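Peer 1: Test case, fold it:
(2 chains)
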Amino acid sequence: MPDTVNFIIIDDSKLDCFIADKIIRNTGKAGDIKSFTVAAEALDFISKAPPPVSDKTNVLLDIQMPVMNGFEFVEAFEKLPEDIRNGYNVYMLSSSINENDLNRVKHYPSIKQFLNKPLTSSALAQVLEGL
Amino acid sequence: MDKIEKIKILYIDDEVNNLHGFKASFRFDYTIYIAENVTEALKHLEQHPDIRVILSDQRMPDKTGVQFFGDIREKYPNAVRILITGYTDIESVIDAINLGNIYRYIKKPWTDTDIKTAVDQANQYYLTTSMLAIKNQELQKAYDELDKFAYSVTHDMRGPLLSILGAINIAQGINDLADIREMLGMMDKSVQKLDTFIQSIHDYYNLNRGQMKISDIKFDDLVADLKDIYDITGRTDHTAFDVSVTQTENFRSDEMSLRIVLNNLLSNAFKYQRKALDNKFVKLDIQVSNGNACIEVKDNGIGIDEANVNKIFNMFYRATSEEMGSGFGLYNVKDAISKLGGEITVDTKLNEGSTFKVTIPSK
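Peer 2: Numbers count the residues shown, from 1 in each chain, chains lettered A, B, ... in the order given. Presented below is the predicted three-dimensional model:
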């Protein structure tokens, strides 16, 4: 596990961004944390920023968001150049208990794992251990 | 009482005398179209697709009645088909029945009662079948909405609850009061969001299952209530609220539906403002004339992207992540307006504002 880990949080709910931010900081491993309430802005940021080189940046992505939802974000993300995509781990984070949503997650190779809301310290600790 | 429109029937027979005799006997009971051959019959059907009952002679030079019915069955499935024949050629009748092409078989020479009974029963059959088709459509719509609804409940109702739960989990480990206050503020919004959603469900239920109560509407009174509420919102958000009502004639409608329309349009207009703008405004203009109420709600807020504007009336669609919309409001607005027999249009430009125009006829 690297010493510090960078995160991008994408969720239309400011409270959910705040919660994720707090939980990440509480691990003591927080590197750079960016929050986006609009998925398209996060995509724009990722496509333009220099891709992370040594350690991957972890993306916590909500499913149901207005205008561009989590799945649409992943579809657009998977069209980005490989060197950019390789810089990120995408985690789908949602309150959805809909089976279609859960099955759909499996169809996207770039989604590393599905996490239930609310994000908890123990769930995040497991994610960090897997890095 | 309204004059009941006569049902339209088509009679096709190569013997002109039969056609005229038929027309003479039943022209007071039905709207009758006659045709000497298949080509003429098709022309009538083309022009009057709402023809309910088609009677056809079996033996005609260009085609048999059974063939004709077979040909038109796909294009005009709802019209009820009755075969008339002088020959007791049981073969053709068996054919027709087995192919499902005819509803009744009438033997020549017919009596007026034969025709009248057959046509009236055919009309009953037509009404029952089309009513069933309408009911099926409604049922399908209800199923689709239930699916969407069940899906939305997991997000729109569970979402805010899980946010609050997450915040509580963190708050237990935080000692900084400022942090706690900030979180309480956000939890407050989550609770409001959930409450708005539940109220929208209530509106939705009332619109769909409730009975309309038509009464005299005084827009001045209706607007006075709304002005009280939105003046406060306007003062807090520094948004000017301008209301004008011109009503010189009586207007009858369902007050609750009108309230749902006005409330949602106004609440959106106040909600989706450009926060940093100095001259934020919302204008409500209501004109009642010539039996119509024209309601205009105009704002200079964030507007709607052209690419999304045709989706805004869809259930659970949200065009922006700003504010805590339920994706239910404009769906209910459109639903209410269509129940009142009215129309809604929107004129909007991103970063300039939106104008919703509603026209509702008096009941």
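Peer 1: which stretch of helix or strand covers the residue in the stretch 151-300 of chain B positioned nearest to chain A?
Peer 2: Taking C-beta to the nearest C-beta, chain A has its nearest neighbour within the stretch 151-300 of chain B at B:G166, 2.8 Å off. The C-beta positions use only the backbone N, C-alpha and C, and glycine is treated the same way. Under DSSP states H and E, the secondary-structure element containing B:G166 is helix B:158-171.
Peer 1: helices and strands around that helix, which ones?
Peer 2: Helices and strands touching helix B:158-171, by 3 or more C-beta pairs under 8 Å, 6 or more residues apart in numbering or on different chains; DSSP states H and E, are helix A:14-26, helix B:177-209.
Peer 1: just the angle between it and helix A:14-26, please?
Peer 2: Per axes from the mean of the first three to the mean of the last three C-alpha atoms, to 10 degrees, the angle that helix B:158-171 makes with helix A:14-26 is 30 degrees.
Peer 1: Please verify my assumption that A:I8 contacts A:K34.
Peer 2: Yes: using C-beta atoms under 8 Å, A:I8 is in contact with A:K34, at 5.0 Å.
Peer 1: Quick check: neighbours shared by those two?
Peer 2: Residues touching both A:I8 and A:K34 by C-beta atoms under 8 Å, 6 or more residues apart in numbering or on different chains: A:A42, A:F45.
Peer 1: which of the two has more neighbours?
Peer 2: A:I8 (20 against 17; other C-beta atoms under 10 Å in any protein chain shown).
Peer 1: if we can go back for a sec, report how many residues lie close to the residue of the stretch 151-300 of chain B closest to chain A.
Peer 2: 25.
Peer 1: got the contact list for it?
Peer 2: With C-beta under 8 Å, 6+ apart, B:G166 has these contacts: A:L15, A:D16, A:I19, A:K117, A:P118, A:L119, A:T120.
Peer 1: So what's the residue count around the closest residue to the first one other than its chain neighbours?
Peer 2: Of all residues not flanking A:L15 in the chain, B:M186 sits nearest, at 3.9 Å (C-beta to C-beta, 6 or more residues apart in numbering or on different chains). B:M186 has 19 neighbours, counted by other C-beta under 10 Å.
Peer 1: so B:M186 touches A:F18, yeah?
Peer 2: Yes: here B:M186 lies in contact with A:F18, judged by C-beta under 8 Å, at a distance of 6.1 Å.
Peer 1: Can you work out which residues contact both of those two?
Peer 2: B:A167.
Peer 1: Who are the contact partners of the residue of chain A found nearest chain B?
Peer 2: Chain B sits closest to A:P118 of chain A, with a gap of 2.8 Å, by C-beta to the nearest C-beta. Neighbouring residues of A:P118 by C-beta under 8 Å, 6+ apart: A:D16, A:I19, B:L162, B:S163, B:L165, B:G166, B:A167, B:N169.
Peer 1: rewinding a little: between the helices and strands packed on helix B:158-171, which gets nearest to B:A293?
Peer 2: helix B:177-209 (18.0 Å; C-beta to C-beta).
Peer 1: just to revisit the earlier point, need phi/psi at the residue of chain A closest to chain B.
Peer 2: With angles defined as degrees, to the nearest 10, A:P118 sits at phi -80, psi 150.
Peer 1: ok, for it, nearest residue in space, not its chain neighbours?
Peer 2: B:G166 is the one closest to A:P118 (C-beta to C-beta, 6+ apart), at 2.8 Å.
Peer 1: ok, now B:I214?
Peer 2: Leaving aside its sequence neighbours, B:I214 sits nearest to B:K363 (C-beta to C-beta, 6+ apart; 4.8 Å).
Peer 1: Would you state the helices of the chain in chain order?
Peer 2: Let's take chain A. Taking DSSP state H to define them, one finds helices in chain A at A:14-26, A:39-48, A:70-77, A:82-85, A:99-105, A:121-129.
Peer 1: ah, I was thinking of chain B
Peer 2: Using DSSP H, helices in chain B cover B:16-26, B:38-47, B:65-72, B:90-98, B:112-152, B:158-171, B:177-209, B:219-237, B:255-271, B:329-339.
Peer 1: So which of those is nearest A:L102?
Peer 2: helix B:112-152 (12.4 Å).
Peer 1: shaky segments in chain B?
Peer 2: For chain B, the stretches with pLDDT under 70 are B:1-4, B:87-88, B:100, B:154-155, B:321-324, B:326.
Peer 1: And it, split by domain according to the record?
Peer 2: As assigned by automatic domain parsing, chain B contains the domains B:8-110, B:137-210, B:213-363.
Peer 1: for chain B, what are the nearby residues on chain A?
Peer 2: A:12-16, A:18-19, A:22-23, A:26, A:37-38, A:63-67, A:94-98, A:117-120 (C-beta under 8 Å from any C-beta of the partner chain).
Peer 1: Would you agree A:V74 is in contact with A:P109?
Peer 2: No: using C-beta under 8 Å, A:V74 makes no contact with A:P109, being 9.6 Å away.
Peer 1: If you count surrounding residues, which of these two has more?
Peer 2: Set A:V74 next to A:P109 and count neighbours by other C-beta under 10 Å: A:V74 wins out with 24 against 10.
Peer 1: Spell out which residues sit in contact with the residue nearest to the more buried one when sequence neighbours are not counted, please.
Peer 2: Of all residues not flanking A:V74 in the chain, A:Y108 sits nearest, at 4.9 Å (C-beta to C-beta, 6+ apart). Applying C-beta under 8 Å, 6+ apart to A:Y108 gives the contacts A:F71, A:V74, A:E75, A:E78.
Peer 1: Narrow those to just the buried residues.
Peer 2: A:F71, A:V74 (16 or more other C-beta atoms under 10 Å in any protein chain shown).
Peer 1: Quick one: the contacts of A:Y108 as a markdown table, columns for pLDDT and distance to B:K193 too.
Peer 2: Shown next, in a markdown table, are these (pLDDT from 0 to 100; distance: C-beta to C-beta, whole Å):
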| residue | pLDDT | distance to B:K193 |
| --- | --- | --- |
| A:F71 | 92 | 22 |
| A:V74 | 95 | 25 |
| A:E75 | 95 | 27 |
| A:E78 | 95 | 31 |
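Peer 1: Include distance to B:G341 when you put the contacts of A:Y108 into JSON lines, please.
Peer 2: Formatted as JSON lines, the contacts of A:Y108 follow (distance: C-beta to C-beta, whole Å):
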{"residue": "A:F71", "distance to B:G341": "39"}
{"residue": "A:V74", "distance to B:G341": "44"}
{"residue": "A:E75", "distance to B:G341": "41"}
{"residue": "A:E78", "distance to B:G341": "47"}
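Peer 1: Closest one of the contacts of A:Y108 to B:Q199?
Peer 2: Taking these together and measuring to B:Q199 by C-beta to C-beta, the closest member is A:F71, at 29.0 Å.
Peer 1: ok, the closest one touching A:R104?
Peer 2: Yes: if you go by C-beta under 8 Å, A:F71 and A:R104 touch, sitting 6.5 Å apart.
Peer 1: near chain A, which residues of the stretch 201-350 of chain B?
Peer 2: Taking C-beta under 8 Å from any C-beta as the criterion, the stretch 201-350 of chain B approaches chain A at residues B:N308, B:Y317, B:R318, B:A319, B:T320, B:S321, B:G325, B:G327.
Peer 1: cutoff 7 Å now
Peer 2: Contacts of the stretch 201-350 of chain B with chain A, taken as C-beta under 7 Å from any C-beta of the partner chain, map to B:N308, B:R318, B:A319, B:T320, B:S321.
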